[in-house]
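Enquirer: just need the structure, nothing else, for what follows:
(2 chains)
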Amino acid sequence: MPEKVKTYFGDSDDEPVKQAPNAPAEPAIEEPGRKKKRNKKRKRDEPTDEPPSRDDKPVTQEAPHKSKSPTNEKPESIPEQPGNEDNVVGKAHPGKPPSNSKHNSKPKSLDNKTNFTSLREKANTLYEQRKKLPIFGHSDEIRKKLRDQDVMLLVGETGSGKSTQIPQFLVNEFWCRPTDTKITQKDGKEKSIKVGGCIAITQPRRVAAISLARRVAEEMGTPLGSSSPASKVGYSVRFDTSTSPSTRVKFLTEGMLLQEMLHDPWLTKYSAVVVDEVHERGVNVDLVTGFLRNLVSCDNQGRGGVPLKVVVMSATADMESLQGFFQEGFKLQAEEQKRIENGSAKGEKENGVTKDISVCHIKGRQFSVKTIYSPEPVHDFVDAALKIIFQIHYKEPMPGDILVFLTGQETVEALEHLVNEYAIDMDPALPKVQVLPLFAALPQAAQQRVFMPAPPRTRKIVLSTNIAETSVTVSGVRYVVDCGKAKIKQFRSRLGLDSLLVKPISKSAAIQRKGRAGREAPGQCFRLYTEKDYLTLDETNTPEILRCDLSQALLNMKARGVDDIVRFPFLTRPPRESLEKALLQLLNIEALEETGSISEIGRHIAKLPLTPTLGRVLLAAAENGADCLTDVIDIISCLSVENIFMNANSEEKKEAAETARRDLYRREGDHLTMLATVRAYAAEHADRKAWAERHLVSHRAMQSVMDVRKQLRTQCRQAKLLPGDQRNDHFPDPSPVLILQSFLRGFATNTARLVPDGSYRTVVGNQTVAIHPSSVLFGKKVEAIMYNEFVFTNRSYARGVSAVQMDWVGEALAG
DNA sequence: GAGCACTGC
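Expert: Below is the predicted model:
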């Protein structure tokens, strides 16, 4: 079963206007027109962008970056992965586009040619819907603003259509064409390059990037991504890039843009970058905005003088700080300019263009949602939610499902129990209730139940963590119950541990939750807190950059030549202490020189899709030989995805799984257990899904593990750390000592030793730490442990634990 | 005896 298809991510807005809740996501581009064979026309006849074309003259299509190889490479064929149909879009087009020869591509492009008419018809139909989007009337205004100015801030409320329409408004603007220009290289020589031609739109999540690309391709009447060399819309997310030589609108994840910037710091491919969903404020978006500010407030030397347009879009109206942020950049630039002018005669560049920032506010299209506050403070929100749920159920008409926001799996399950219990004694004349839990750790099949319509005369009650706040859209909801809290992960740099704490949400999160009730009809939102409490909430979410370990972000910046971290334009500056902690961490793993500049090791690590620490481990393992590296890659792959081991919900299941898992457990600890698991899974050729189920191992997680493993292996081969020929047939016994010693090169400070009272104390800091119950070493006593994570929930836990010897730790700490 | 949510050439 395709797993993610039915989840309507589409994110906060811009979803296709009508989505039948129970219809499977349509294979938009791949299928239609299969029976249409009459259209013999050539590629020229591909539809123009906006069906009734306005003032946009279609740009003659000249592939702007011919030299680039097609991005959708699937470098190696690994043994088939049964049931891996996860990436619906990515896997749907089997053939790569013919890359360098546009003209002799008969067999593969045949489908595309015949499709163009139907694609165009579809686009024409969609055009009618697009015209009704609130943003549509602002098209001219937006274009005008961006002709005059390079930076635009756009507040687009939920349902305004910004993510799908903005790129289409801009793609045919004159400034969006590829421009031939010259740059001066380091050696002083001039070089001709093409700059621009493409618009990038960043998204915080992969699913959003892919589904938006699919939608925009439909609206533009063009095939999607690599399915045709004439495709104008593509996307790029980790493990799945689908673009063509003529891609002009590209949706990508923030992380992907950062990666592109490592190789192309001037973003020469792009005429514009649209940063969507800034209000979510993940670390990556903060880095992206920082780099973009530097780009727009410089002389565009690396772009041959061609300016980059930047559109920053947010659903919440915290635009003043963003405006100030970009203005500050222009101000600094002007000052710099002045200083130069004083010495020389140049400096006419900015004449005629006011370097200012335009702001645009688009009202959303949402149904009204009535807010009902709790008259008094609530002490037990599970109990309060129970009462409200039945109050709604008794009083409010059908249809109208209820979505309840809770803090975590524990509260979800507690309330699930209570509601079911309470429902037994319900008046049989009333409609039934169907209680559905929803949280990330829930097996995929159980998550899918949330998207199925309720049986007749039944009200769906979805009990969710904040997964439903941004990542997943449940249809049919007219009532939201919001407990006003969420679990938030906070990295405490002083202690070097992550804490998972229940905290009040922000106003903007509360608004977001409330909005979930008004997507299909007017709704109601019951807040389990008083209005007074609401008013005391923070305006916005705490940016992640203030809550996480910064070592990766810093290494990223260092790799791009930002040596002076203090002068980097942070949207929100992280406290000095956490910056220092991260620098120290990078020094410890030799990613930085004593001077603070990036080392060779650091440069290498920065290119890996891993935390610096895991990157360091990988390089250390390479020193221990190819076999050790291969094994360590397997383990690292597990560590960089969600938990691969699942929990049984019933006792018998648990027992059965324990028995089946027994042969995977290794007394050395979790790392070697993971290795055994990956090896066994990879060796299973018959039915991996069944194997995973038997062992109570998450098949979905293992698929990600295999993706990461493949990616890391490819990278290691390219870096000559692994031999070029892949030998899947030889599996020498792993060497636990070498493997664990490799890990200690990155995790020497994540170690604890057994003290006489039977507890573990960290080697650095002497804090008490307990082995997490999910570990195979739980309850075991060994000389010393090394762990990947130090987390605080109800107490301090070490997760990802292996037994090590104190003298190894000593060696590793000594360097 | 325990698991907020995302993400990377």
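Enquirer: may I have the phi/psi pair for the residue of chain A found nearest DNA strand B?
Expert: Here chain A gets closest to DNA strand B at one residue, residue A:607, 1.8 Å apart by C-beta to the nearest atom of the strand. The way it works is simple: take the backbone N, C-alpha and C, and place the C-beta from them, glycine included. Main-chain dihedrals, residue A:607, degrees, to the nearest 10: phi -80, psi -10.
Enquirer: for residue A:526, same thing?
Expert: phi -100, psi 110.
Enquirer: so residue A:747 sits against residue A:620, correct?
Expert: No. Judged on C-beta atoms under 8 Å, residue A:747 makes no contact with residue A:620 at a distance of 10.3 Å.
Enquirer: count of residues packed around the residue nearest to residue A:575 when sequence neighbours are not counted?
Expert: Distances taken as C-beta to C-beta, 6 or more residues apart in numbering place residue A:546 nearest to residue A:575, at 7.4 Å, with adjacent residues excluded. Residues lying near residue A:546 (other C-beta atoms under 10 Å) number 18.
Enquirer: what do you get for residue A:191?
Expert: 11.
Enquirer: kindly report the same for residue A:377.
Expert: When neighbours are defined as other C-beta under 10 Å, residue A:377 has 10 of them.
Enquirer: what do you get for residue A:765?
Expert: When counting by other C-beta under 10 Å, one arrives at 14 neighbours for residue A:765.
Enquirer: re earlier: tell me how far the residue of chain A closest to DNA strand B lies from residue A:258.
Expert: 12 Å (C-beta to C-beta, to the nearest Å).
Enquirer: report the contact partners of residue A:199.
Expert: Neighbouring residues of residue A:199 by C-beta atoms under 8 Å, 6 or more residues apart in numbering: A:167, A:170, A:171, A:176, A:248, A:249, A:250, A:270, A:271, A:272, A:273, A:274.
Enquirer: which of those tops the neighbour count?
Expert: Among the contacts of residue A:199, the one with the most neighbours (other C-beta under 10 Å) is residue A:249, at 30 neighbours.
Enquirer: surely that one and residue A:220 touch.
Expert: Yes. Taking C-beta under 8 Å as the definition, residue A:249 is a contact partner of residue A:220 at 7.5 Å.
Enquirer: anything in contact with each of the two?
Expert: With contacts taken as C-beta under 8 Å, 6+ apart, residue A:249 and residue A:220 have A:168, A:232, A:233 as neighbours in common.
Enquirer: make a markdown table from those residues and add secondary structure to it.
Expert: As requested, those are exported to a markdown table (DSSP: H, G, I helix; E, B strand; the rest coil):
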| residue | secondary structure |
| --- | --- |
| A:168 | helix |
| A:232 | coil |
| A:233 | strand |
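Enquirer: out of those, who's the most crowded?
Expert: residue A:233 leads those on contacts (other C-beta under 10 Å) with 33 neighbours.
Enquirer: tell me the confidence at it?
Expert: Residue A:233 is assigned a predicted lDDT (pLDDT) of 96.
Enquirer: ok, residue A:772 next?
Expert: 93.
Enquirer: what sits against it?
Expert: Residues in contact with residue A:772 (C-beta under 8 Å, 6+ apart) are A:778, A:791, A:797, A:798, A:799, A:801.
Enquirer: next one: residue A:634
Expert: A:674, A:675, A:678, A:679, A:705, A:709.
Enquirer: can we see that at 10 Å?
Expert: By C-beta atoms under 10 Å, 6 or more residues apart in numbering, the residues touching residue A:634 are A:671, A:674-679, A:681-682, A:705-706, A:708-709, A:712-713, A:734, A:739.
Enquirer: which of the residues you listed are buried, as a PyMOL select command?
Expert: Buried members of these can be picked out in PyMOL with the line below, counting by 16 or more other C-beta atoms under 10 Å:
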select buried, chain A and resi 671+674+675+676+677+678+681+682+705+706+708+709+712+713+734+739
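Enquirer: how near is the closest residue to residue A:464 other than its chain neighbours to residue A:474?
Expert: Closest residue to residue A:464 apart from its sequence neighbours, by C-beta to C-beta, 6+ apart: residue A:438 at 4.0 Å. Distance, residue A:438 to residue A:474, using C-beta to C-beta: 8 Å.
Enquirer: touching both of these two, which residues are there?
Expert: Residues touching both residue A:438 and residue A:474 (C-beta under 10 Å, 6+ apart) are A:403, A:450, A:451, A:462, A:464, A:468.
Enquirer: and which of the residues you listed is nearest to residue A:146?
Expert: Each of those was scored against residue A:146 by C-beta to C-beta, and residue A:468 proved nearest at 34.5 Å.
Enquirer: the closest one belongs to a strand?
Expert: No. The assignment for residue A:468, made by three-state DSSP, is helix rather than a strand.
Enquirer: how many other residues sit next to it?
Expert: By other C-beta under 10 Å, the residues close to residue A:468 number 23.
Enquirer: same deal with residue A:714?
Expert: Residue neighbour count, defined by other C-beta under 10 Å, stands at 15 for residue A:714.
Enquirer: wait, a strand at it?
Expert: No. Residue A:714 sits outside any strand when classified using three-state DSSP, being helix.
Enquirer: surely it touches residue A:609?
Expert: No. Between residue A:714 and residue A:609 there is no contact under C-beta atoms under 10 Å: 11.0 Å.
Enquirer: shared neighbours of the two, anything?
Expert: With C-beta under 10 Å, 6+ apart, residue A:714 and residue A:609 have no common neighbours.
Enquirer: what stretches of chain A score poorly on pLDDT?
Expert: A:1-115, A:317, A:343-354, A:649, A:726-730 (pLDDT under 70).
Enquirer: okay, and the common contacts of residue A:607 and residue A:258?
Expert: By C-beta under 10 Å, 6+ apart, no residue touches both residue A:607 and residue A:258.
Enquirer: which residues of the stretch 701-815 of chain A fall in helices?
Expert: For the stretch 701-815 of chain A, helices defined by DSSP state H, counting those that start in this stretch occupy the ranges A:736-747, A:806-814.
Enquirer: so which residue is smack in the middle of chain A?
Expert: Nearest residue to the geometric centre of chain A (C-alpha atoms, centre = their mean): residue A:205, 3.2 Å.
Enquirer: residues contacting the residue nearest to residue A:623 when sequence neighbours are not counted?
Expert: The spatially closest residue to residue A:623, leaving aside those adjacent along the chain, is residue A:742, at 7.9 Å (C-beta to C-beta, 6+ apart). Taking C-beta under 10 Å, 6+ apart, we find residue A:742 in contact with A:616-624, A:628-629, A:631-632, A:635-636, A:671, A:735, A:812.
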